[in-house]
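Student: generate a structure from the sequence data that follows.
(2 chains)
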Amino acid sequence: MKYSLFSRAAFFGVAAVLAGSISELRAEDTSSLITQGKYVAEASDCSACHTVTGRGDFAGGMEFKLPIGSIYSSNITPDPTHGIGAYSEAEFSRAVREGVRRDGASLYPAMPFPSYARMSDGDIHALYVYLMKGVQPVAQATPHNGIPWPLSIRLPMTIWRAVFSPSVVAAQKDVNRSLPNDGIGRGAYLVEGPGHCGACHSPRGLALQEKSLSNSSGSLFLSGGAAIDGFVPTSLRQDQRTGLAGWSEDDIVQFLATGRNQRGEAFGGMTDAIFHGTQHLTDADLHAMAQYLLSLRPNQSTLSAWHYDPSTATALQAGDASAQGAKVYVDHCAACHRSDGRGYAPAFPPLAGNPVLMSDDPASLVHIVQSGAVLPGMARAPSALAMPAYGSTISTQQIADVVTFIRKAWGNNASPVTRETVENLQKTAPDSVIQKGIIPLN
Amino acid sequence: MCAKKVDAIVIGAGWAGSILAKELTEAGLSVVMLERGDERATAVEGDYPSSIDELRGAIRHRLFQNLSQSTVTIRNTLDQEALPYRRLAAFLPGEGVGGAGLHWSGVHFRVAPDDLALRTNVVARYGKNFIPEGMNLQDYGVTYEELEPFFDKAEKVFGTSGEPYTINGKIAGNGNRFAPDRSDAFPLPAMGEVYSASLFRSAASNVGYHPYALPAANASAQYTNPYGVQMGPCNFCGYCSGYDCYMYSKASPNVNILPALRQDPKFTLITKAHVLKVNLDADKKKATGVSYLDLRTRQQVELDADLVIISAFQFHNVHLMLLSGIGQPYDPKQNTGTVGRNFVYQTITTSRAWLSPKQYTNLFVGAGGAGVAIDDFNSMNFDHGPLGFVGGSPVWVNQAGVKPIAAAIGGPGGKAPTWGEGYKDAMVDTYRHSLTIDAHGSNMAYRDVYLDLDPTYNNAYGQPLLRMTFNWKDNDIRMNQYVVGKIEPIIKAMGATKYSLGMLKDGEVFDTRRYQTTHLGGGAVMGTDPKTSCINRYLQSWDVSNVFVIGASAFPQGMGYNPTGMVAALAYWAAYHIRTTYLKNPGPMVQA
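Tutor: Predicted coordinates for the structure are as follows:
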């Protein structure tokens, strides 16, 4: 606590100097800072939460449903009343890196300030200049949080912050730890810091704190997280079967740039992370992130590698659909994903050896089958490809059967899924592709 | 009303419009594309399995033009009163984003080079007197060599599957030996051949013809086109024609161009925008923009532009020119004017062969663009001298997937009973063991076959409907009969147990109640003479130089090939010349 306060005071000094100088910047400096800050905003995926279609860029209003009520992302446009126009750079930095609002209240940790604490002063400065001068102010109030008193009292958040969020100094010290090379160092900064990948891909503790905020504190970091909107973030470590073992550097780069590659396609919240964030990053930064991810040793070192098993394809191609779920698979899935499970990547993703399908938790797979999925068009891959939702056309038992089939076939050898599991997952099914209202126009 | 101003307006969101809009935004222009129908997305229209609900689809016209708002009137001869086409049958124009390019089958030809200068070639070989009285035989005014780069570009955008014959003068494959030379291979290998097509290939070869794989804009493998958009591979489900492809395998503006175009901030697509007319300045030499009806608000909207591209379906292009007063309407009696002149169609007749009960053709299998064809009787590939007609037909097995309701409506064919056990057995036999062979041929232009404004009937917006005056003519009937006669030996070589030959009969009258083809053409044809063409060789209006009219409306004759490949190449050709010449110095690109 003491350490934290000290760091804040020290930072105040630096930021005050910066804030004082901002109005005196030459036009070209501002312009290049805005460009730089826009890039920081993209690397930090700000708009995934702070931009809602129809409300204006960065005007906030995205709903986060919590068991205790809903909270909403805030308006971070430079509007002085509803946005952050009145924030000094020091106040802005404190909000982003320490989770403290201008009025002193603590932010809910839906804002990933424990990760953003790692962001450099230079990036924070550029981000501040961009949000203040490169973004149109939107005079629109953030919806009131729907958390009833006394749960709405933010004091517990302050305690949470003190316990679980690192001080800026501590975070910066970890950023500057020794790493094998500059590429991995840059990658670590992007992934652990602005990219806040761990917010979804790291396991969380009882107080919903990320159990690990950096690879320096062990292999739980990025070892896979709990379901978000029904979808289960996979391990980004070198875990066999359920992680990124077997992905090449180029595979990861292509995935972050376009949401699709030879091994799979993005779905759920990852599509937003790519759409708003990583697709805008330079190839050099994407390669750095990939190099860093490839350097992460497995969390579950006992898992054996996936090997393709041809027996499923042999049976299906011989007309033998007697395996549980095989007939549903042939009728509904095989046209795109093929009897050999290899799909037509990157248009239609492979199911054979796909880490999403071999996870212990079948939620992602069940949700994709029942609700469908859409990969939005990206700048470098404009096609928005959709998988149809089967929730209303095949039965619960059929979903359980086909998901069991997919999890078992081609060497996937993951556990069967019962009808009861599917029934439970139906209650939390995401809206189907067409229900979402924003139809991919392709 | 205060009109908004953009650089270019593109009317119609089909192939031609999408290509022009893409090219013009690439050139830096702000482009508004107006589409009177709805937005169309594969996630919705191609939502499997409801996407292949035949009743909702082709039978109830899910993707076709809504005739309750606007249609055409049709008559066979000048002395008749035309009546409205109230029920879609003979041809199926599209509506909505993608237009007919969303529900087409996907046969993607280039052009037979001789067809581009058909008049010149016929006169050179057979003399001027060979041309029947009343036939308006004309040249396009553009050569295959000029168009080749644009055919190539279109194939790469469409992800076309095919087998070449020659590339840069060297034999490169077992493709169509009548096809013109290519500068590059097809972007994808030819589609696989279903059983019926492979039977046709060997039988046609055995009787001395030259079979080749139909070039198909159905992807034989997954594909990423030059715009970066992706296609999945075709699985021969048979739901091409009349449907949105749920596999993203059939090329459409929606899948192949619009995903890239929509990312361009200079591009705006407005749906439910029915263009009423192109607005002209006082002396009718320049277009100032368009007036359209916002079908959501029922408000008329004025939109100004420096450049107007008319790129709707063939007859809508002609209709819009007539409603707008662009050019002089054609008068068949005086033989003056050009708008509506040379309205053409295609001849298409289907023959059927039944095989032994051990041979399964399984007609539900198929792909709209795939098959095997011969060109031995197309274009100028055979000697017309002793035959005394102009034109020709490719012949093919194009097993596109026969859906159950369509099969039932078509009936078992042949001399089968029309009810009872015998009918049912024959239905099963036909569906499992028969195949069809089409003669898909040309249709020449005639002085008394044309388009004009109907004197009686209006559309829902109070504008006169377009009137079609169309009938079959002796030249084309004899051509069809001749080519169908050449199918008989192929069927025999297949070892068919029985067969029926479909052909036009002497004196046959055009019947709107039976589906034939949606390949309508002409009416706003391109050419080198402003007395016989509406638009110059760059598809620019002779009369209003900032209007370009893109589509099959530019064809002076109905060719034997399916038109979409030619439409796409002409669209890229026109766009290229707009970009490289017109925009630098707007005005007529050819002096009249």
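
Student: what's the closest non-adjacent residue to B:P357?
Tutor: With sequence-adjacent residues excluded and distances taken as CB to CB, 6 or more residues apart in numbering or on different chains, B:P357 is closest to B:H433, at 6.0 Å. Quick note: C-beta positions are derived from backbone N, CA and C, even for glycine.

Student: tally of neighbours for the one you found?
Tutor: Applying other CB atoms under 10 Å in any protein chain shown, we find 20 residues neighbouring B:H433.

Student: quick check, it in contact with B:R352.
Tutor: No. Using CB atoms under 8 Å, B:H433 makes no contact with B:R352, being 10.8 Å away.

Student: joint contacts of the two?
Tutor: Residues touching both B:H433 and B:R352 (CB atoms under 8 Å, 6 or more residues apart in numbering or on different chains): there are none.

Student: pull up the residues of chain B that are close to chain A.
Tutor: Along chain B, the residues adjacent to chain A under the rule CB under 8 Å from any CB of the partner chain are B:39, B:41-44, B:46-50, B:221-222, B:227-233, B:235, B:237, B:246-248, B:254-255, B:258-260, B:262-263.

Student: narrow those residues to those in helices?
Tutor: The helices, defined by DSSP state H, take in B:T42, B:A43, B:V44, B:N254, B:V255, B:L258, B:P259, B:A260 from the residues of chain B next to chain A.

Student: neighbour-wise, give me the winner out of these.
Tutor: Neighbour-wise, those (other CB under 10 Å) top out at B:V255, 32 neighbours.

Student: wait, what's in contact with the closest residue to chain B within the stretch 51-200 of chain A?
Tutor: Of all residues in the stretch 51-200 of chain A, A:D57 sits closest to chain B, at 13.7 Å by CB to the nearest CB. By CB under 8 Å, 6+ apart, the contact set of A:D57 is A:S47, A:T51, A:T77, A:V135, A:Q136, A:V138.

Student: quick check: closest non-adjacent residue to B:G521.
Tutor: B:F555 (3.9 Å).

Student: distance check, the residue lying farthest from the centre of chain A against A:G411.
Tutor: The centre of chain A is farthest from one residue, A:A318, which by CA atoms, centre = their mean lies 41.3 Å away. As judged by CB to CB, to the nearest Å, A:A318 and A:G411 stand 18 Å apart.

Student: can you check A:I184 too?
Tutor: 31 Å.

Student: neighbour count: these two, which is higher?
Tutor: For A:I184 versus A:G411, the count of surrounding residues by other CB under 10 Å is larger for A:I184: 21 against 18.

Student: pretty sure the more buried one is touching A:L296, no?
Tutor: No. In this structure, A:I184 is not within contact of A:L296 by CB under 8 Å, at 9.9 Å.

Student: returning to that earlier point: for the residue farthest from the centre of chain A, report the pLDDT, please.
Tutor: A:A318 is assigned 97 on the pLDDT scale.

Student: can you pull the contacts of B:Y227?
Tutor: The neighbours of B:Y227, taking CB under 8 Å, 6+ apart as the test, are A:P382, B:K22, B:V157, B:N256, B:I257, B:P259, B:A260.

Student: and residue 218, how many neighbours?
Tutor: Using chain A. So A:G218, with other CB under 10 Å, has 11 neighbours.

Student: other chain: chain B
Tutor: Counted with other CB under 10 Å, B:N218 comes out at 33.

Student: so it makes contact with B:C234?
Tutor: Yes. If you go by CB under 8 Å, B:N218 and B:C234 touch, sitting 4.3 Å apart.

Student: next, show the common contact partners of these two.
Tutor: B:M191, B:C245, B:S249, B:K250, B:A367, B:A370.

Student: would JSON lines of those with pLDDT be doable?
Tutor: Shown next, in JSON lines, are the shared contacts of B:N218 and B:C234 (pLDDT from 0 to 100):
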{"residue": "B:M191", "pLDDT": "98"}
{"residue": "B:C245", "pLDDT": "95"}
{"residue": "B:S249", "pLDDT": "97"}
{"residue": "B:K250", "pLDDT": "98"}
{"residue": "B:A367", "pLDDT": "97"}
{"residue": "B:A370", "pLDDT": "97"}
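
Student: just send these back as a markdown table, with neighbour count too.
Tutor: Shown next, in a markdown table, are these (neighbours: other CB atoms under 10 Å in any protein chain shown):
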| residue | neighbour count |
| --- | --- |
| B:M191 | 27 |
| B:C245 | 29 |
| B:S249 | 33 |
| B:K250 | 33 |
| B:A367 | 33 |
| B:A370 | 32 |
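
Student: for the contacts of B:Y227, which one is nearest B:P132?
Tutor: The shortest approach to B:P132 among the contacts of B:Y227 belongs to B:V157, at 38.9 Å (CB to CB).

Student: OK, contacts around that closest one?
Tutor: Neighbouring residues of B:V157 by CB under 8 Å, 6+ apart: B:I19, B:N225, B:P226, B:Y227, B:A251, B:N256, B:I257, B:A568.

Student: selecting buried members of the residues you listed in ChimeraX, what would you type?
Tutor: Restricted to buried positions by 16 or more other CB atoms under 10 Å in any protein chain shown, the ChimeraX selection for these reads:
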select /B:19,225,227,251,256,257,568
